[in-house]
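1. Have a look; sequence and predicted model below, questions after that.
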Amino acid sequence: MSYSILVTLHLFAAFIFVGTVFFEVLMLEGIRKHVPAEAMKQVETAIGRRARRFMPFVLLVLYGAGVAMAWQHRDVLAHPFASSFGTLLTIKIVLALSVLGHFITAVTLGAKGRLRSRHFRRIHYSVFLHMVGIVFLAKAMFYLHW
């Protein structure tokens, strides 16, 4: 598959994933104090159910395209600290793997019925911060040099 198609697939999947996380953190957390706890729990449960239906496919495209693009940069990744691009790409990959770990944790806790509101918030805040870093690094890789 051509690199430009991979980039396009990766960007669209990232748009969906990052947009979902931003909505949950910036919008839902902002209304938490204005909505009764039981109603908020119902909203979180409904969002979790919906996310479990389509987010695995989004993540499959996101990470599949990411791995395919990384494969094309395997020479740079073989020596990640030899260039600024390699260093920033490596950090981006580590953050992306951490996000995947967060997602797997959330799905596992949800499936076991143990995803509580505090877990939901902590995971989302952490993923939000990771995503800010990843988005920054996605651009910085091409513009920061040392």
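-> Received it, and whenever you're ready, just let me know what you need. Numbers count the residues shown, from 1 in each chain.

2. switch to C-alpha atoms for all contacts and neighbour counts from now on
-> Noted.

3. quick one: the longest helix along the chain to chain centroid distance?
-> Criterion DSSP state H: the longest helix present in the chain is helix 37-72. Counting by CA atoms, centre = their mean, to the nearest Å, helix 37-72 is centred 8 Å from the centre of its parent chain.

4. Determine how far the following helix or strand past that helix lies from the middle of the whole chain.
-> Helices and strands here follow DSSP states H and E; after helix 37-72, the next one along the chain is helix 74-78. Computed by CA atoms, centre = their mean, the separation of helix 74-78 from the middle of its chain amounts to 23 Å.

5. can you offset everything so residue one is 759?
-> Got it, the first residue is 759 from now on, which makes the last one we talked about helix 832-836.

6. Just the C-alpha atoms of helix 832-836, please, in CSV.
-> Taking C-alpha atoms only, helix 832-836 is exported to CSV below (Å, rounded to 0.1, in the frame of the first residue of the first chain):
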residue,chain,number,x,y,z
ARG,A,832,12.7,1.0,10.0
ASP,A,833,16.2,2.2,9.1
VAL,A,834,15.7,5.4,11.2
LEU,A,835,14.1,3.4,14.0
ALA,A,836,17.1,1.0,14.0
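
7. Would you mind pulling up the elements that it packs against?
-> Helices and strands touching helix 832-836, by 3 or more CA pairs under 8 Å, 6 or more residues apart in numbering; DSSP states H and E, are helix 842-869.

8. Many thanks, have a good one.
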